[in-house]
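K.L.:
Return a 3D structure for these sequence lines:
(one chain, ligands or ions: 1)
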Amino acid sequence: MKYYFPRSDDIIRTETVYGERGRIFDRNGKLLVGNTANYNLIFEYGSMADKRKDVNLALLDCISALKETQTTDYRAEDYFPLLGSYPNMRIKDSARNENTDIGHYYKRFLNKQKLKENITAEQLCNYFINKYKLWSELYSDSAIGELIRIYYDMERVDFGYYQNYTIAESIDPADPNAKALITMINEKSIEGANFIKQTERVYPYDTYAAHILGRIGKITAENVSQYEDYPLDALVGTSGCEAAFEEYLRGTDGKKISVYNKSGELIDEYYDPKPVVGKDVYLTIDIDLQIAAEDALREEIERLDYSEAGAATFIDPNNGDVLVSASYPTYSQNQFSGVEYYASLANDENMPLLNRAIQGTYAPGSVYKVGAALAALEGGFINSNTCYDCQKVYPYYDDDAPTCLGLHGEVNVSDAIKDSCNIFFYYVGDQNGLDKITPYTKSLGLGVPTGIELGERIGIIASEDYCKSTDRAWRAIDNATGAIGQSYHLYSPLQLSVYTSTVVNGGTRYSAHFLKEIRDRQGETVYTTETEVAEKVNFSSATHTTIKHAMSRVVDESTVLSRYFSNVDATVGGKTGTAQVSANSTLPDNALFSGFAPYDDPEIVGSCILEAGEQGANASKIVAAVFEQYFAEDIEPDA
Ligand SMILES: [Zn+2]
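P.N.:
Numbering: from 1, shown residues only. Purely as a prediction, here's the structure:
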């Protein structure tokens with residue numbers, strides 16, 4: 001590296017060099033989120049004219065070019081605190097509210113410029129007129145208004161040597177108006193104006209995996225403190241994996257500095273700072289399985305009369321890789337930035353923006369019986385031969401006696417799982433207390449964080465303590481109904497898959513995760529997620545075999561389920577559930593299914609919940625669709 005000592009009469013030009021944001025891929029290297037070559041029109045401090053009048057004229061040229069080509073309106077309007085046209089302006093009400101973005105920035109601006117908080121619109125205009133020499137004999141009223149708007153925005157984003165000012169964004173060179181703008185700006189050769197590439201995300205799969213991938217957006221007043229070393233106009237991950245893996249994905253623009261001598265010869269050129277390209281994120285998701293799950297989920301919900309929403313999760317029970325995380329209804333990533341489209345999502349009573357797979361919590365219903373059986377066997381409350389007599393009604397409560405859907409007679413634990421007998425589990429819960437069961441189901445994964453990198457809800461473990469903390473009455477009968485997954489239990493669809501995984505893999509609860517690895521732009525792996533054991537749950541191999549076998553009987557000995565799984569090229573085990581949403585609800589029950597395959601050495605676990613889905617078997621269809629595809633993929637196609 002050569003060192004050059006600048007002379008005072010050197011001419012220094014700076015040019016921003018784009019640092020592209022990293023991309024997001026699925027586990028097989030399929031692109032889920034990429035970038036397009038759009039441009040922002042920016043002003044670079046280091047290249048602007050020296051004289052204020054020249055700067056003002058350059059800005060006005062730029063504005064007129066934008067207007068003439070009807071391209072993107074400059075974006076200052078969103079944050080501009082003044083309303084009306086110069087000289088008749090007043091301060092917007094929203095600017096006086098610090099809790100809005102506009103108000104946050106306005107207050108920050110006033111503090112920084114040491115202006116009074118109760119400044120009038122006229123005083124504010126005069127501040128800009130004096131500072132930027134916007135004398136009325138040189139400029140029209142409308143030009144003064146335009147310049148005040150832009151200078152305000154420049155101050156808002158701390159425009160200066162280290163911070164460019166973006167006057168128009170998302171300029172697509174394929175758009176004829178944009179092309180005209182680019183030509184016009186280049187012809188006028190406005191000092192300081194420059195087009196730079198920027199991150200515009202593209203989503204090849206549009207509605208698929210939308211909840212997982214998330215969005216990028218501007219830094220807002222709420223999260224500004226997290227991004228201290230970012231330029232204020234930076235785009236950052238605001239939700240989903242875009243936010244969770246921001247530290248890897250982030251690219252940072254650099255500056256190319258060119259030094260010319262008095263005669264205009266280039267005498268030095270260097271980067272300060274160098275542009276940094278973001279790293280690529282590889283997720284554990286398999287997009288083909290994700291599509292199979294989302295399609296099956298949508299079809300089944302559309303088929304059902306009352307169901308409007310649901311979720312499905314699939315994980316590898318041997319390491320916690322999340323293969324699928326589906327939430328319905330979903331939304332279009334490509335339309336998301338449209339104001340009307342977003343408003344329709346935000347106001348939709350079915351809450352398409354909610355990621356039900358990790359943020360929805362549901363009563364597990366009879367899926368809970370698997371864990372209750374494991375607790376009863378390991379706690380020594382029963383052995384595998386213990387039988388209880390199901391005569392449809394549990395005989396120990398006079399009023400409001402809980403019942404079974406069938407009349408099963410003498411059943412052991414395997415039969416009770418296979419037939420989903422409630423009476424058997426009422427005995428287990430009622431005689432031992434639910435608090436003897438929940439420590440096991442908690443260890444298996446219900447009501448504890450799964451470890452997933454995105455914000456999740458932990459749910460509720462039904463207990464007397466929970467009731468006390470929420471001023472509700474814990475009744476003796478909750479011990480019985482809690483053992484069949486009713487009472488106060490609420491768990492997420494991802495927790496259900498973690499739970500079933502821990503049962504079928506013999507007691508290792510792995511942390512669930514979306515991040516598989518990070519690669520640099522050259523494709524070199526720079527980080528790999530290590531399999532993490534969250535808890536080792538001790539249970540005997542006899543218990544393991546009894547439960548797994550009972551779960552395979554659930555599928556094998558049911559005509560309906562064995563038909564649904566008939567196209568899966570593996571032996572499947574599982575458990576259905578239905579759960580009442582609330583005592584007052586007129587809607588049908590929620591439907592649940594959690595299953596695994598293959599029987600001998602489980603490779604995939606899947607869980608599905610259909611709100612108002614009526615019967616557990618309906619939820620099993622989504623699991624069947626994904627298992628079918630998963631095991632079909634193993635077959636080598638004929639050459
Ligand atoms: Zn029964």
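
K.L.:
all helices in the stretch 401-550 of the chain, in order from the N-terminus.
P.N.:
Taking DSSP state H, counting those that start in this stretch as the test, the helices found in the stretch 401-550 of the chain are 413-418, 422-432, 438-444, 464-469, 477-482, 493-504, 541-556.

K.L.:
Give me whichever of the ones you listed is most buried.
P.N.:
helix 493-504 (a mean of 29; mean count of other CB atoms under 10 Å). Backbone N, C-alpha and C define where each C-beta goes, glycine included.

K.L.:
re earlier: so which of the helices of the stretch 401-550 of the chain comes closest to the ion?
P.N.:
For the ion, the closest of these is helix 422-432, at 4.5 Å, according to CB to the ion.

K.L.:
ok, that closest one near the ion or not?
P.N.:
Yes - contact of helix 422-432 with the ion (CB under 5 Å from the ion) involves residue 423.

K.L.:
ok, back up a step: and the helices of the stretch 401-550 of the chain as TSV, adding mean pLDDT?
P.N.:
Converted to TSV, these look like this (pLDDT from 0 to 100):
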stretch	mean pLDDT
helix 413-418	98
helix 422-432	97
helix 438-444	98
helix 464-469	94
helix 477-482	95
helix 493-504	98
helix 541-556	98
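
K.L.:
CSV for these, including distance to residue 360?
P.N.:
As requested, the helices of the stretch 401-550 of the chain are exported to CSV (distance: least, CB to CB, whole Å):
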stretch, distance to residue 360
helix 413-418, 25
helix 422-432, 25
helix 438-444, 19
helix 464-469, 19
helix 477-482, 20
helix 493-504, 7
helix 541-556, 24
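
K.L.:
and residue 223, which of the ones you listed is closest to it?
P.N.:
helix 493-504 (24.8 Å; CB to CB).

K.L.:
Residue 607 is in what secondary structure piece?
P.N.:
strand 604-610 (DSSP states H and E).

K.L.:
mind checking how far residue 197 is from residue 186?
P.N.:
Computed as CB to CB, to the nearest Å, the residue 197 to residue 186 distance reads 16 Å.

K.L.:
now swap in residue 488 and tell me
P.N.:
66 Å.

K.L.:
Kindly report the same for residue 110.
P.N.:
Counting by CB to CB, the gap from residue 110 to residue 186 is 38 Å.

K.L.:
tell me the contacts of residue 179?
P.N.:
residue 173 (CB atoms under 8 Å, 6 or more residues apart in numbering).

K.L.:
Can you pull the phi and psi angles for it?
P.N.:
phi -60, psi -40 (degrees, to the nearest 10).

K.L.:
swap in residue 592?
P.N.:
With angles defined as degrees, to the nearest 10, residue 592 sits at phi -140, psi 150.

K.L.:
ok, for it, nearest residue in space, not its chain neighbours?
P.N.:
Of all residues beyond its chain neighbours, the one nearest residue 592 is residue 577 (3.7 Å), with distances taken as CB to CB, 6 or more residues apart in numbering.

K.L.:
Pretty sure the one you found sits against residue 371.
P.N.:
No - the pair residue 577 / residue 371 is not scored as a contact, 11.7 Å apart, by CB atoms under 8 Å.

K.L.:
pLDDT at residue 73, what is it?
P.N.:
With respect to pLDDT, residue 73 scores 59.

K.L.:
now swap in residue 608 and tell me
P.N.:
98.

K.L.:
Pass me the low-pLDDT residue ranges in this structure, would you?
P.N.:
1-7, 71-76, 633-639 (pLDDT under 70).

K.L.:
Could you chop it up by domain?
P.N.:
Following the assignment in automatic domain parsing, the chain carries domains at 11-19+42-196+219-232+255-281, 287-332+353-634.

K.L.:
So which of these is the most surrounded?
P.N.:
Greatest burial across the domains of the chain, using mean count of other CB under 10 Å, falls to domain 287-332+353-634, with a mean of 21.

K.L.:
now that domain: how far from the chain's centre is it?
P.N.:
23 Å (CA atoms, centre = their mean, to the nearest Å).

K.L.:
do stretch 260-270 as well
P.N.:
Taking CA atoms, centre = their mean, one finds stretch 260-270 lying 48 Å from the centre of the chain it belongs to.

K.L.:
Please measure how far the first residue of that stretch sits from its last one.
P.N.:
12 Å (CA to CA, to the nearest Å).

K.L.:
Just the strands from the stretch 201-350 of the chain, written as ranges.
P.N.:
Counting by DSSP state E, counting those that start in this stretch, one finds strands in the stretch 201-350 of the chain at the ranges 216-218, 235-237, 254-260, 266-271, 280-283, 310-315, 322-328.

K.L.:
which one's the longest strand in this structure?
P.N.:
strand 31-43 (DSSP state E).

K.L.:
which strands and helices sit next to it?
P.N.:
strand 24-25, helix 52-69, strand 165-171, helix 176-188, strand 193-202 (3 or more CB pairs under 8 Å, 6 or more residues apart in numbering; DSSP states H and E).

K.L.:
and it, which residues are buried?
P.N.:
32-33, 35, 38-43 (16 or more other CB atoms under 10 Å).

K.L.:
pretty sure residue 285 contacts residue 316?
P.N.:
No - the criterion here is CB under 8 Å, and residue 285 misses it with residue 316 at 11.4 Å.

K.L.:
where do the contact lists of these two overlap?
P.N.:
residue 323.

K.L.:
contacting residues for the spatially most central residue of the chain?
P.N.:
When CA atoms, centre = their mean is applied to the chain, the residue found nearest the centroid is residue 240 (2.2 Å). Applying CB under 8 Å, 6+ apart to residue 240 gives the contacts 211-215, 355, 454.

K.L.:
could the residues you listed go into a markdown table alongside distance to the ion?
P.N.:
Converted to a markdown table, the contacts of residue 240 look like this (distance: CB to the ion, whole Å):
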| residue | distance to the ion |
| --- | --- |
| 211 | 38 |
| 212 | 39 |
| 213 | 44 |
| 214 | 45 |
| 215 | 48 |
| 355 | 36 |
| 454 | 39 |
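
K.L.:
TSV for those, including distance to residue 606?
P.N.:
Shown next, in TSV, are those (distance: CB to CB, whole Å):
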residue	distance to residue 606
211	17
212	16
213	20
214	23
215	27
355	17
454	19
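
K.L.:
buried subset of those?
P.N.:
211-215, 355, 454.

K.L.:
tell me which element residue 371 is part of?
P.N.:
helix 369-378.

K.L.:
got the angle for that helix vs helix 422-432?
P.N.:
If you take axes from the mean of the first three to the mean of the last three CA atoms, to 10 degrees, helix 369-378 sits at 50 degrees to helix 422-432.

K.L.:
what about helix 369-378 and the ion, touching?
P.N.:
No - legend: contact between helix 369-378 and the ion by CB under 5 Å from the ion is lacking; minimum distance shown is 11.2 Å.

K.L.:
Tell me what angle that helix forms with helix 493-504.
P.N.:
40 degrees.

K.L.:
Now do helix 369-378: which elements does it pack against?
P.N.:
Using 3+ CB pairs under 8 Å, 6+ apart: helix 369-378 touches helix 413-418, helix 422-432, helix 438-444, helix 493-504, helix 541-556.
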